[in-house]
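Asker: following is a predicted model, sequence given first.
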Amino acid sequence: MGQRETPVILPFSKKALVFAAITAGVLLGLGLFTFIYAEGLSYFGTDPKSCANCHIMSSEYDSWVKGSHHAVAKCVDCHLPHALLPKFIAKGLNGYHHSKGFTFQDFRPTRVSRTTIPTAMPPGRRCARSSAASATSS
């Protein structure tokens, strides 16, 4: 006689698995749509135009473009750490705070915290030193 197949026992019902798959698909789709709509990929680069993607930074970007500083530095040179991992951690934290702030309408554009002060200060000092060195060597 033929062997009898042992029924597979799932820890969850098929309905629960379908519901979980649909929920995961919807969340993934919304996340992907939001990432594309917000031009999320642009924030992984160093183009200063990405800093002006939100209307809050338009006047700062315009000021940088019109000033002489744009010839020697980009936004990331002074406002982010230079090492790869700390830079992406800072970008991730800034992105989280910006998206939360704009979503819940509680964004404060000039918020200075313990994490932003050390990020902005050392590169500025380094830039000043390198400009002074290049000025004295010429």
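Answerer: On my side now, so go ahead. Residues are numbered from 1 along each chain as shown.
Asker: so how far is stretch 18-27 off the chain centroid?
Answerer: Centroid separation between stretch 18-27 and its chain, computed with C-alpha atoms, centre = their mean, to the nearest Å, is 26 Å.
Asker: neighbouring contacts of that stretch?
Answerer: Applying C-beta atoms under 8 Å, 6 or more residues apart in numbering, the contact partners of stretch 18-27 are residue 12. For glycine as for every other residue, the C-beta is placed from the backbone atoms N, C-alpha and C.
Asker: would you map the helices across the chain?
Answerer: Counting by DSSP state H, the chain has helices at residues 14-37, 58-66, 75-79, 84-103, 116-137.
Asker: need the CA coordinates for the second one. PDB is fine.
Answerer: The C-alpha coordinates for helix 58-66 follow below in PDB (Å, rounded to 0.1, in the frame of the first residue of the first chain):
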ATOM      1  CA  SER A  58      16.700  77.200   0.400                       C
ATOM      2  CA  SER A  59      18.000  80.500   1.800                       C
ATOM      3  CA  GLU A  60      21.100  78.800   3.300                       C
ATOM      4  CA  TYR A  61      21.800  77.100  -0.100                       C
ATOM      5  CA  ASP A  62      21.300  80.400  -2.000                       C
ATOM      6  CA  SER A  63      23.600  82.100   0.400                       C
ATOM      7  CA  TRP A  64      26.300  79.400  -0.100                       C
ATOM      8  CA  VAL A  65      25.900  79.600  -3.900                       C
ATOM      9  CA  LYS A  66      26.300  83.400  -3.900                       C
END
